[in-house]
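**Q** Okay, here's the prediction I keep looking at, along with the sequence it came from:
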Amino acid sequence: MHLSAHTHYQAELDAGRFCLQHCPQCQHHVFTPRELCPHCGASTLRWVRASGRGTVYSVTTIARKADAGGNYNVALIDLHEGVRMMSRVEGVAPEDVRIGMPVQAHVAQKDGRGLVLFQPVAQEGGAA
């Protein structure tokens, strides 16, 4: 039985693994999951583990009442593999998420389903 690309992606997340597709023909990573490479049209896409490293490209804070869960952010993350995805950055106040912030992905479970969330990465070296 052949699983659709999106079904396979979700099954990997449900198992705690963050995977992306990679095209061995043109060497590009692909996201969102697809049946054909959007760069070269190849149908031989392979699943590989994502590094999870990325940078915040854009962010917005969604305002909610405290009794509805409070404010949260929605961010576009540029992954080191060269693809962009929408997610949330956790571990800091929503208004403290900044464009250019380095982040690291992790797979969280919500209602028995895996999803990719990000946390800020402390920058090494700092000012001396």
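**A** Yep, that arrived.

**Q** and for stretch 96-107, what are the contacting residues?
**A** Stretch 96-107 has contacts (CB atoms under 8 Å, 6 or more residues apart in numbering) with 13, 16-18, 50, 52-59, 61, 73, 75, 77, 79, 87, 89, 114-121, 123. To be clear about C-beta, it is placed using only N, CA and C from the backbone, and glycine gets the same treatment.

**Q** Pull out the buried positions in that stretch.
**A** Val97, Met101, Val103, Ala105, Val107 (16 or more other CB atoms under 10 Å).

**Q** out of these, who's nearest Gln27?
**A** Ala105 (21.5 Å; CB to CB).

**Q** Name the secondary structure element that contains that closest one.
**A** In this assignment (DSSP states H and E), Ala105 forms part of strand 102-110.

**Q** Contact partners for Leu36?
**A** Here Leu36 is in contact with Ala42, Ser43, Leu45 (criterion: CB under 8 Å, 6+ apart).

**Q** I'd like those as JSON lines, with pLDDT appended.
**A** Listed next are these as JSON lines, based on pLDDT from 0 to 100:
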{"residue": "Ala42", "pLDDT": "95"}
{"residue": "Ser43", "pLDDT": "92"}
{"residue": "Leu45", "pLDDT": "96"}
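
**Q** Most neighbours of all those residues, which one?
**A** Leu45 (21 neighbours; other CB atoms under 10 Å).
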